[in-house]
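S.K.: Attaching a predicted model along with its sequence, questions to come.
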Number of protein chains: 2
Amino acid sequence: MQWTDVLATRNSRMKASEIRELLKLLDQPDIISFAGGIPDPALFPTETFAKAFENAMSPEHAATALQYSVSEGYKPLREWIVGEMAKIGVPCDVDNIFITSGSQQALDYLGKLLISPGDTAMVTWPTYLGALGAFNAYEPRYARLDPFSNAEPATLQAEAAASSGGAGKVKFSYLSADFANPTGESLSQAGREAVLDQAEALGIAVIEDAAYQSLRFDGEPVPPIMALDIARNGGIENTRTIYCGSFSKTLAPGLRVGWVCAAKDVIGRLVLMKQAADLHSPTLSQMATNYVARAIFDQHVAKIKSVYSGRRDRMLAALDREMPAGVTFTRPEGGMFIWVTVDEAINCAELLARAVAEQRVAFVPGGAFYADGSRLNSLRLSYSCANDAQIDEGIARIGRLLRA
Amino acid sequence: MQWTDVLATRNSRMKASEIRELLKLLDQPDIISFAGGIPDPALFPTETFAKAFENAMSPEHAATALQYSVSEGYKPLREWIVGEMAKIGVPCDVDNIFITSGSQQALDYLGKLLISPGDTAMVTWPTYLGALGAFNAYEPRYARLDPFSNAEPATLQAEAAASSGGAGKVKFSYLSADFANPTGESLSQAGREAVLDQAEALGIAVIEDAAYQSLRFDGEPVPPIMALDIARNGGIENTRTIYCGSFSKTLAPGLRVGWVCAAKDVIGRLVLMKQAADLHSPTLSQMATNYVARAIFDQHVAKIKSVYSGRRDRMLAALDREMPAGVTFTRPEGGMFIWVTVDEAINCAELLARAVAEQRVAFVPGGAFYADGSRLNSLRLSYSCANDAQIDEGIARIGRLLRA
């Protein structure tokens, strides 16, 4: 059939899907897996969600919960988010907030809005796999975002143009500044300012992926890039930063509720895009998220931070004990991940095959997180769903593997 | 700021949003509006949904309902849909079913999958406004889909290529064969076969939008195009039809649950696309839809058909009584809409302004449903949310307007 030929030319390079297939294969009872990057379901605030759904089906709310709604999102939830943004140095109003189906949808829409084929997206090396998956559909090339590089804007723009026959432009920087997936690392305030300096010089947007922003266990909070942008430019309408938030890591991912906070001009374009793409995120998900957030957000986030920080401590202690000399790893102040770097000669995709076959332990090989597939000697460990015994035994197994 | 310049060049032509703005303006207590195309919220099966959410929050299901899930959709729901598809002549298996966030998302993904800028999408004249909105993001041109035209495939392809400097191709036909929005009309079996004949000759896909398929009040059911395609070609894997279903008109739109039924090759590509775009539709929406569909689908659809068919009858009787000579209108066998055609000299957008100002009655002017904006002398009436008194009085007001 001729029309299937069309399909074959589109949407290649979707590496995130390969990782997900891998995770499915690894889901076996005798494998200790640090591969998944998901919240611990035992920590979901199920009872409060149950009350939220009961409330949504009450005579007062049912017709709203089940009917078509507006593309920008459920207003009471957007109002609650305005309050939260103010607490982290981002004064804004309800028209600066747009509800998405998870922050993944925000990344997809921003790719669609900003990237023409051959344009350049600047991303950290490594970066979030799902961001590469979302952006890839719009056929960008990638350049390395290094906040402390001395790369000249003119040089970056010339490279972008040269790479696509003169048509390409650098369109945005994308990064996660707090407890990034996959490294767990955070960017200093000086680094955040440097990202803004470079973006201003290039005349590009900054996409700040704040999926883990609420999950700081210790250390000093650093203002979001969005807050620094507002402080520089006198108000949110003058900013170039597009802040992407999410309830997936704080309340529950299955409801698919995230948000974008940005200047109204940007929000207006995203709202039009959503009208055309899926009309609106499910009303009920938004109503329930609003109910649960207003009822228990701070206390619930305190609870999960307490559990996750204990697991981080346990995993760091195990790594200190078990890793052979020469192996380095990050010491995150929050989030769900530790990033381990091994000898340059080791390809961690091959190491994973051995880890599963010989030691029944799993992780995500680091190469997938590099837009250019470089740097094969790292691996990502998640502690979010592991108990103490699994952490101790699993890290010991990785230690044996690396010493073998 | 330079980067906002990028925004200005993308995503124009979103007429659906203008219509939605209009509907908001018309939402005033003294206006009788036949403009909205939404289900009557009084008919939502709220009690069964309440049980469904209670069930989803039970210890057995809560962790699944609130956790990340697979991009293809919740398997028990896909299995239920397989049974429904079999009943309408579409034997398939669970891997032929993909859950979307409403059928609007299916249209967006199909546009993304199939359209390169300058390609041609064939659509009926008029067609569903939301389909134009979804496809417009991918910058197609439109050609008129007329099942009974004698247009030569070679001519159509040559026109497509000529219109975009040699690069454009005809990529698909899109239509709603049952009780289409906006006309309420259905396509005969001969017409459906003709659409398939033309698609085979052109080597293109057929997108069958079945949003209203379950809402037949009377008349003889006609097999879906998908069923005719399977009958011709010996099985779903050999078909070119992509069937888009929805629970928005049968159960409730606020949950945003629809589906695509197609050959596995197509489904596989849509699943990858969804992984990159929003990971998956909310698990809870899918679980609740599955629960409610299994509990009450047939009896609930029978109930809403009984109510809507009564309203259709009432509106047709009022039109028979009130419309002046020369005004024609469709007599739908199902769905939510009646399409009224008035004198060619009348611009129904201007008529709407007068209708609201002079008679306090509203409808959607028909021009928005034409991809080329032609044909201004039609209007769409929806009877789904109107009671008998509103129908009698509202149609009388339109009659007075047209006689003035």
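M.R.: Here it is on my side, so go on.
S.K.: For the rest of this, base every contact and every neighbour count on C-alpha atoms.
M.R.: OK.
S.K.: residue in the stretch 151-300 of chain A nearest to chain B?
M.R.: Per C-alpha to the nearest C-alpha, A:Gly254 is where the stretch 151-300 of chain A lies closest to chain B, at 4.2 Å.
S.K.: same deal with the stretch 301-404 of chain A?
M.R.: Closest point on the stretch 301-404 of chain A to chain B, by C-alpha to the nearest C-alpha, is A:Cys385, at 12.3 Å.
S.K.: three-state assignment of that residue?
M.R.: coil (DSSP: H, G, I helix; E, B strand; the rest coil).
S.K.: from memory it sits against A:Ala35, does it?
M.R.: No - counting by C-alpha atoms under 8 Å, A:Cys385 does not reach A:Ala35; the two are 9.9 Å apart.
S.K.: Give me the neighbour count for the residue of the stretch 151-300 of chain A closest to chain B.
M.R.: Applying other C-alpha atoms under 10 Å in any protein chain shown, we find 24 residues neighbouring A:Gly254.
S.K.: Make sure I have this right: it is in a strand.
M.R.: No - counting by three-state DSSP, A:Gly254 is located in no strand; its state is coil.
S.K.: show me the contacts for A:Ala86.
M.R.: A:Ala86 makes contact with A:Cys92, according to C-alpha atoms under 8 Å, 6 or more residues apart in numbering or on different chains.
S.K.: go with 10 Å
M.R.: A:92-93, A:227 (C-alpha atoms under 10 Å, 6 or more residues apart in numbering or on different chains).
S.K.: what's around A:Leu156, how many residues?
M.R.: As a burial measure, A:Leu156 scores 17 neighbours (other C-alpha under 10 Å).
S.K.: er, A:Glu47 I mean
M.R.: Using other C-alpha under 10 Å, A:Glu47 has 12 neighbouring residues.
S.K.: Please, which helix or strand holds it?
M.R.: helix A:46-56 (DSSP states H and E).
S.K.: And the strands in chain A?
M.R.: A:32-33, A:97-100, A:120-123, A:141-144, A:170-175, A:205-209, A:241-246, A:258-261, A:328-329, A:337-341, A:361-362, A:364-365, A:378-382 (DSSP state E).
S.K.: What pairs with the fifth one, parallel or antiparallel?
M.R.: Take DSSP bridges as the rule and strand A:170-175 pairs in its sheet with strand A:120-123 (parallel), strand A:205-209 (parallel).
S.K.: okay if I get those strands as CSV plus mean neighbour count and mean pLDDT?
M.R.: Converted to CSV, the strands paired with strand A:170-175 look like this (neighbours: other C-alpha atoms under 10 Å in any protein chain shown; pLDDT from 0 to 100):
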stretch, mean neighbour count, mean pLDDT
strand A:120-123, 24, 96
strand A:205-209, 25, 98
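S.K.: Tell me who's in contact with the residue of the stretch 301-404 of chain A closest to chain B.
M.R.: A:33-43, A:307-308, A:311, A:336, A:391.
S.K.: now A:Glu208
M.R.: Going by C-alpha under 10 Å, 6+ apart, the list of residues near A:Glu208 reads A:173-178, A:224-226, A:241-245, A:260-261.
S.K.: Quick check: phi and psi at the most centrally placed residue in chain A.
M.R.: Taking C-alpha atoms, centre = their mean, the centroid of chain A lies closest to A:Ala211, which sits 4.9 Å from it. Dihedral angles of A:Ala211 (phi, psi; degrees, to the nearest 10) stand at phi -60, psi -30.
S.K.: my guess is it contacts A:Leu251, does it?
M.R.: No - here A:Ala211 does not reach A:Leu251: they are 11.8 Å apart, not a contact under C-alpha atoms under 10 Å.
S.K.: rewinding a little: can you pick the most crowded of the contacts of A:Cys385?
M.R.: A:Met336 (29 neighbours).
S.K.: Verify the stated contact: A:Leu132 with A:Val123.
M.R.: Yes - A:Leu132 is within contact range of A:Val123, at 8.8 Å (criterion: C-alpha under 10 Å).
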